[in-house]
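Undergrad: what's the 3D shape of this:
(one chain, ligands or ions: 1)
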Amino acid sequence: MLEKNQLHTVELTGYTAGGLSIARINGQVVFIHGGVQGEVCVIRILKVLKNTAFARVEEILQRSADRQDPGCPHYPACGGCDFRHVSYAGELAAKRQRVQDALHRIGGTDLEPEEILGCAETDGYRNKCQFPVSAAGELGFFRARSHQVVPALDCRLQTPQANAIASAVQEYLRVYQVPAYNEKTGKGLLRHLYVRTNRRGQALVCLVVNGGTLPEEAALTERIRTACPETVGIVLGKNTAATNVVLGNTFRTVWGSSFLEDTLCGYTFRLSVPSFYQVNRNQAERLYEKAAEFAGLTGRERVLDLYCGIGTISLVMARNAKQVLGVEVAAEAVLDAKENARRNNITNVSFRQGDAADAAGFGWVPDVVVVDPPRKGLSPETVQAVASMEPERIVYVSCDPGTLARDVARFRELRYQAVRCVAVDMFPRTQHIETIVCLGRELDRVSQHIYLDYEPSPDMKIPRNPTYPEIKAWVLENHGLKVSPLYISQIKRKHGLPADESYNKPKSEDAKASPQCPPEKEVAIEAALRHFGLIPEN
Ligand code: SAH
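TA: A predicted model of the protein is given here:
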């Protein structure tokens, strides 16, 4: 039996999706902070759960050549990076393995991913930075699985512009005694600083505020522009909701422009604060070029680009396609996409607002369908809609190997086989990885016939609300925390979701008030609700 504080000598055999290393003790899986695959270490057990345990490295007995100095004073307290103590080559190998394991175990395919495309620069690659603000008015990043801010104005992943603006804003908060937003009380003003930087080093700044104004906006503008003379615009984003979502829906331009222009794959794109744009520009170019290669375009194809955002992939595909239709649910992104096509003089693309699940009804018969969904992947209806259009190829771009692999298995039931796969490291030093899979249609007539008569098999699940045990299991697996139905119902209610009313009721009249969900569990439950698609991504 494992117990807290025990010491064990183990060999570290691999990594979890979150970058913890893995060992087994008498068949029980232990997740270890600060380990490197291949090492033999003495570990100290920190927490024991029913089927797993968590531990940290106490002493390294056999050191891996991949272990390195993290090179950051905030690591590992800051939750931004997961692999700083591992060489970049070791990190890339772990990420490729993760994609392969997901495809094999969840996707049921033995397809080998091609060589992972690593990033030339592992520092300063993020073109979008979001700094939360601590109660004491310090800017930094959240500790892993928490909302505690680790102060940091020198993050190595951010651009120098973002870090300089963060220092200026922190100084402004101090000088003018501007209160930071407090999640518990809902009081205070500044929630987040958001900085987007383009290839030329120009910056668009958004201050996310619990209200419509900030004190001394002119002085704040002056400080930001002095810290970063390349600033092109300062926007105030109003967000008064009790939510983890960073940006609200209302924006007011305090100074300068409300857009930033950037170039990608030789095109110019107009970016507004809320529009989605890949955070690593150089790797995004490689990702999109790889997606175009997987699409196998000859100039004759009709391409449907689902989840097209501001039209980046659509424009890249348009170079070698006959016609491209981009579909996107967010109205502002569709406007941006149209504007981007116009300013780049691309005439063989069009865009429409809509849900990807409805794409089969758009009267468009594509040769190639590209999908680039959010982390939760495709709904079974969307998988079916895509397959029902009978494209020759499907190019699936994904930021979550788990949901990608699940959808690969669903597509196989509809006669689409994964034929190529490559991981592209958009997020060096962190646990995140982007993957592209190309799926090809089985062409024999029998399978086409079967396909046309296809009815969903009983195990193709129609999306539904996850049960409390499912949420509980997900939180345990991904955050190592036990949460009660009471806590789950509290957090669901907080987000306006239907929750079982029988929880939260005192058992008798004189019973004490129900205990309130502690913050770390709240964060974990919210992550689960996001995972199951019940609340939006941050
Ligand atoms: N392909 C783009 C954007 C990918 S991000 C790029 O690489 O830049 C995913 C996009 O999907 C977001 O713009 C989001 O608004 C959109 N989206 C989310 N759910 C959707 C749905 N059900 N139907 C269509 N688009 C959706």
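
Undergrad: Distance of the nearest residue to residue 248 once chain neighbours are set aside relative to the ligand?
TA: Nearest-residue entry for residue 248: residue 239, 3.1 Å, with adjacent residues in sequence omitted and distances by Cβ to Cβ, 6 or more residues apart in numbering. In this view, the C-beta of every residue, glycine as well, is placed from N, C-alpha and C. Distance check for residue 239 against the ligand: by Cβ to the nearest ligand atom, to the nearest Å, it reads 18 Å.

Undergrad: and the residue in the stretch 201-350 of the chain that the ligand sits nearest to, what is it in contact with?
TA: Nearest residue of the stretch 201-350 of the chain to the ligand: residue 309, at 2.7 Å (Cβ to the nearest ligand atom). Shown in contact with residue 309 (Cβ atoms under 8 Å, 6 or more residues apart in numbering): 275, 276, 277, 328, 330, 333, 337, 372.

Undergrad: okay, those in CSV with secondary structure, neighbour count and pLDDT next?
TA: Formatted as CSV, the contacts of residue 309 follow (DSSP: H, G, I helix; E, B strand; the rest coil; neighbours: other Cβ atoms under 10 Å; pLDDT from 0 to 100):
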residue, secondary structure, neighbour count, pLDDT
275, coil, 20, 85
276, coil, 19, 89
277, coil, 21, 93
328, strand, 27, 97
330, coil, 16, 91
333, helix, 23, 91
337, helix, 30, 95
372, coil, 24, 98
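
Undergrad: Tell me how many other residues surround residue 440.
TA: Close neighbours of residue 440, defined as other Cβ atoms under 10 Å, add up to 16.

Undergrad: which ones among the contacts of residue 309 come in contact with the ligand?
TA: 276, 328, 330, 333, 372 (Cβ under 6 Å from any ligand atom).

Undergrad: Give me the below-cutoff pLDDT ranges for the stretch 351-500 of the chain.
TA: 443-465 (pLDDT under 70).

Undergrad: So which residues of it form strands?
TA: Secondary structure of the stretch 351-500 of the chain (DSSP state E, counting those that start in this stretch): strands located at 368-371, 393-398, 416-424, 434-441.

Undergrad: One more: the stretch 51-200 of the chain?
TA: Going by DSSP E, counting those that start in this stretch, the stretch 51-200 of the chain shows strands at 52-62, 128-132, 140-142, 149-151, 190-197.

Undergrad: Run through who's touching the host helix or strand of residue 45.
TA: With elements taken from DSSP states H and E, the one containing residue 45 is strand 40-48. Identification of contacts with strand 40-48 by Cβ under 8 Å, 6+ apart yields 2-12, 23, 30, 32-33, 35, 53-62, 480.

Undergrad: residues in this structure within reach of the ligand, list them.
TA: 276, 278, 307-309, 312-313, 327-330, 333, 355-356, 372, 374.

Undergrad: mind listing what's buried in whatever helix or strand residue 236 lives in?
TA: Element membership of residue 236, judged by DSSP H and E, is strand 231-238. Using 16 or more other Cβ atoms under 10 Å as the test for burial, strand 231-238 gives 231, 232, 233, 234, 235, 236, 237, 238.

Undergrad: picking that back up, now the strands of the stretch 51-200 of the chain as a markdown table including mean pLDDT?
TA: As requested, the strands of the stretch 51-200 of the chain are exported to a markdown table (pLDDT from 0 to 100):
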| stretch | mean pLDDT |
| --- | --- |
| strand 52-62 | 96 |
| strand 128-132 | 96 |
| strand 140-142 | 96 |
| strand 149-151 | 95 |
| strand 190-197 | 97 |
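
Undergrad: Can you say which of the ones you listed is packed in most?
TA: strand 190-197 (a mean of 24; mean count of other Cβ atoms under 10 Å).

Undergrad: angle of that one against strand 231-238?
TA: Inter-element angle recorded for strand 190-197 and strand 231-238: 150 degrees (by axes from the mean of the first three to the mean of the last three Cα atoms, to 10 degrees).

Undergrad: So which residues make contact with strand 190-197?
TA: Contact partners of strand 190-197, identified using Cβ under 8 Å, 6+ apart, comprise 127-133, 139, 158-159, 161-162, 165-166, 169, 173, 178-181, 203-210, 214, 237, 239, 246-247, 260, 271, 273, 277.

Undergrad: top helix in this protein by residue count?
TA: helix 88-105 (DSSP state H).

Undergrad: Now that one: buried residues?
TA: 88, 90-103.

Undergrad: That helix packs against which elements?
TA: strand 14-15, helix 401-413, strand 416-424 (3 or more Cβ pairs under 8 Å, 6 or more residues apart in numbering; DSSP states H and E).

Undergrad: coming back round to it: partners of the strand holding residue 236, with directions?
TA: Sheet pairing of strand 231-238 (DSSP bridges) gives strand 203-209 (parallel), strand 250-256 (antiparallel).
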